[in-house]
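Chemist: Provided below are the primary sequence and the corresponding predicted coordinates.
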Amino acid sequence: MSTTAIPTNTKWWNGGRSPFNASYGKVMMWYFLMSDAFTFGAFLISYATLRFSLNDWVDPNHVFNSFPLAGSANLPLAFVSLMTFILIFSSVTMVLAVHEGHKMNRKGVEKYMILTIIGGLAFLSCQAWEWTHLHSEGGWWGSFTDPSSPVSAFAHFFDHHKESAALISAHGLQATHDFFNYFFTITGFHGCHVFSGVCLNLMVLVNTVNGTYQRRGHYEMVEKVGLYWHFVDLVWVFVFTCFYLL
C-alpha cells in the first residue's frame, strides 16, 4: 500500500484567500457584532447583579399592563408580547430576503426588505408608545421617587393597604429608581440599534431597486445587513427576559 507524502512547506494562508471562508465584509461584521455583544452583556450583567442583590424589586406585571386603546384594562405583558412578535416576524422576512438574494431574485429581495423595514418601524412605534405611556405616569431617568406612583415597586401594596408612605423603606424606593434608570437606558440603546438597522435596510433596499447588487452578481450586502438585524432580534430576547419576566 502506497502512501502520499504531505508537503511540509504548505502555507495555509498565503494571501488571496479568506482564512474564514468568508468575505472581508462579513468577517468585519462579525467582529463588530462581537464587540457590540460585550457592550450589551455589560449592561445586562450589571442590571442582573443589582436585581438579584435586592429583595425589593419592581413587579413587571404592575408596570407593563397597559395596551393602546384598551383603556384601564389590566393586560400584563400583552403589549410587549406584541412587540416581540413584530420583531421576530421581521427577522423571518430578513431570512427570506437573504434567500431570495441567493437566487438572484431582485423582486423577491425588494418585497421582503420592505416587510422587514415595516416590521422595524412598527417595533419602534410600539416602543415610542410604551415610553410615552410610562412618561405620562411620571416615569423617566431619575424619577419614580413617589411610592404611590402607579408604576412604583410598591403600587400593589398601596392598592391593598393604603398605608402611609412613611412605612415604605428607602431601600424599596431606590430599587424602583434603579429599575427604570436601567430600563430606559438599555431599551433606549437597543432602540437605537433597531433604528440604525432600519436605516441600513433602507439603504440596501434603494440599492436593490437601482439594480446595484444585480450588476455585481451577488447580494452579499443583504446578508451582512441581515447579520446585524438578527443580532438586534437576539439581543431583544435577553432584554425581554431581564425586564419583563424576571
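Modeler: Yep, that arrived. Numbering: from 1, shown residues only.
Chemist: Which strands and helices lie in contact with whatever helix or strand H135 lives in?
Modeler: Per DSSP states H and E, H135 falls inside helix 106-136. Using 3 or more C-beta pairs under 8 Å, 6 or more residues apart in numbering; DSSP states H and E, the elements in contact with helix 106-136 are helix 78-102, helix 170-209, helix 212-216, helix 220-240. C-betas here are computed from N, CA, C, even on glycine.
Chemist: Now do the second one, average pLDDT.
Modeler: Helix 170-209 shows an average pLDDT of 88 in the prediction.
Chemist: So for that helix, what gets flagged as buried?
Modeler: 172-184, 186-187, 190-191, 193-195, 197-198, 200-201, 204-205, 207-208 (16 or more other C-beta atoms under 10 Å).
Chemist: same thing with the first one?
Modeler: Residues 79-80, 83-84, 86-87, 89-91, 93-94, 96-101 are the ones in helix 78-102 that count as buried (16+ other C-beta under 10 Å).
Chemist: just the last one next, same as before
Modeler: The neighbour-count check on helix 220-240 (16+ other C-beta under 10 Å) flags 220-226, 228-233, 235-236, 238-240 as buried.
Chemist: Please report the distance of K26 from M34.
Modeler: 13 Å (C-beta to C-beta, to the nearest Å).
Chemist: Likewise for G217?
Modeler: From G217 over to M34 the distance is 29 Å, taken as C-beta to C-beta.
Chemist: do the same with T212
Modeler: Taking C-beta to C-beta, one finds T212 at 28 Å from M34.
Chemist: rewinding a little: which one of K26 and M34 has more residues nearby?
Modeler: K26 (16 against 10; other C-beta atoms under 10 Å).
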